[in-house]
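Novice: build me a model from this:
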Amino acid sequence: NLSKKVVAALYAPTGAIVCPYEMTIALAENAADNGVEFKLDTKVLDVKKDNDTYTIKTDKGFVESKLVINAAGVFADEINNMVSSNKMHIIPRKGQYCLFDKAVGNTVSRTIFQLPTKMGKGVLVTPTVDGNLLIGPNAEDIGDKEDLATTSTGMDFIIEKAGLSINQVPMRQLITSFSGLRAHSVEGDFIIGEAEDAKGFINAAGIESPGLSSAPSIAELIKDIVVERLNPNKNDKFNPIRKGIPKFREMTNEDRKKLIAEDDRYGKIICRCETVTEGEIVNSINRTLGARSLDGVKKRTRAGMGRCQSGFCAPKVVEILARELHISPEDVTKFGKHSNILVGKDKANI
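Specialist: So this is what the prediction gives:
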């Protein structure tokens, strides 16, 4: 399906793809199982150093630490500039994507890159690990670090550019679009290491593409700094194994029967598009760092990621979240904060 405009290619057989949010969630769960404490929905307001201790002021109290690792993405410059006189400036660089139905997931069998530009690696066409087709991103420097809106201009751009790589972009199979923000440093490269004028303050800033691929190696670099500064004892009880959520859609019928015999909730399909069961959703909520929103369930199980984009399963997922979290359905959100799905009962005043 390559376009006739393609005249040559560099084949990279060692290249691979992963699911970025599944990988991140798995790492977080494993960290929590090994004693890491997470303070979610907590905003850093200020960081001060007093002798050898940092005091981090948050909207939920204070935290003291000998070391601070600043991996705050597009906000890493603001955190660094609270502590260091070597000021940093990070520009949010928006990238928009189009996601297509699994029916056209085999349009390409490899990730197809174009020649890079000064703004990044350019628009790619790729299969996903779950069998969809994905095109994007564009690259647009913006001012708002929370602006995740997609635009017709951005969509038109990536569709046009993808058309240089493949014969036909299957627009009739488009199921959703979305965007993300890269943390682009004006220095033009990753900023990794201890701030020169702030001992114990370690930056992992400006980590744009290929940040996901680089993350394990960046972690090794930062680990070495932490060990040098604190000289901690090695945790011999560290458990590197994280048990994932069973994926009913990938099982044989024999394995499905065994799972249903253990827990009959795995026999109730909630998301038809992605064949996600009630058992998987309950697992995603009640496990370490469990889901607390529709998007939390979605990223752990794929419920709502299919062709209908949660049009069928969302009400049932809301019901399950409310039941398992012992909250009102009106308190269930899409992604936290004030993104409530329900606002009240219709005809309640009649």
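
Novice: pull the number of nearby residues for residue 77.
Specialist: 24 (other C-beta atoms under 10 Å). Where you see a C-beta, it was placed from the backbone N, CA and C, and this is true even at glycine.

Novice: next SSE after the helix or strand where it lies?
Specialist: In the assignment (DSSP states H and E), residue 77 maps to helix 76-81. Using DSSP H and E, the helix or strand that directly follows helix 76-81 along the chain is strand 90-100.

Novice: show me the chain divided up by domain.
Specialist: Domains of the chain are assigned by automatic domain parsing as 35-89+188-230, 95-148+161-175, 248-331.

Novice: what's the mean pLDDT across the helix holding residue 77?
Specialist: Per-residue pLDDT values across helix 76-81 average out to 98.

Novice: tell me the helices and strands packed up against it.
Specialist: Applying 3 or more C-beta pairs under 8 Å, 6 or more residues apart in numbering; DSSP states H and E, we find helix 76-81 packed against strand 68-70, strand 201-205.

Novice: which one of the ones you listed is the most hemmed in?
Specialist: strand 201-205 (a mean of 23; mean count of other C-beta atoms under 10 Å).

Novice: could you pull out the helices in the stretch 151-300 of the chain for me?
Specialist: All helices of the stretch 151-300 of the chain, identified by DSSP state H, counting those that start in this stretch, fall at 152-162, 211-230, 253-262, 278-286, 294-301.

Novice: now these as CSV including mean pLDDT, mean neighbour count and distance to residue 37?
Specialist: Formatted as CSV, those follow (pLDDT from 0 to 100; neighbours: other C-beta atoms under 10 Å; distance: least, C-beta to C-beta, whole Å):
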stretch, mean pLDDT, mean neighbour count, distance to residue 37
helix 152-162, 97, 16, 38
helix 211-230, 96, 13, 16
helix 253-262, 98, 12, 32
helix 278-286, 98, 22, 19
helix 294-301, 98, 24, 19
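
Novice: which one of the ones you listed lies closest to residue 99?
Specialist: Taking C-beta to C-beta, helix 152-162 is the member of these nearest to residue 99, at 11.4 Å.

Novice: that closest one - contacts with which helices or strands?
Specialist: For helix 152-162, the elements it packs on are strand 90-100, strand 133-136, judged by 3+ C-beta pairs under 8 Å, 6+ apart.

Novice: can you list the neighbours in contact with it?
Specialist: Contacts to helix 152-162, defined as C-beta atoms under 8 Å, 6 or more residues apart in numbering, come from residues 94, 96-98, 114, 122-123, 125, 135-138, 140, 169, 171, 177, 179.

Novice: which of those are buried?
Specialist: In the contacts of helix 152-162, burial by neighbour count holds for 94, 96-98, 122-123, 125, 135-138, 140, 169, 177, 179, counting by 16 or more other C-beta atoms under 10 Å.

Novice: ok, the residue nearest to residue 321 when sequence neighbours are not counted to residue 41 distance?
Specialist: In this structure, residue 321 finds its nearest non-sequential neighbour in residue 332, 4.9 Å apart by C-beta to C-beta, 6 or more residues apart in numbering. For residue 332, the distance to residue 41 equals 15 Å [C-beta to C-beta, to the nearest Å].

Novice: including mean pLDDT, could the helices and strands packed on helix 76-81 go into TSV?
Specialist: Output for the helices and strands packed on helix 76-81, formatted as TSV (pLDDT from 0 to 100):
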stretch	mean pLDDT
strand 68-70	98
strand 201-205	98
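
Novice: between those, which gets nearest to residue 288?
Specialist: Of those, nearest to residue 288 by C-beta to C-beta is strand 68-70, at 21.1 Å.

Novice: report how many residues lie close to residue 324.
Specialist: For residue 324, using other C-beta under 10 Å, the count is 16.

Novice: cool, and residue 166?
Specialist: Neighbourhood size, residue 166 [other C-beta under 10 Å]: 19.
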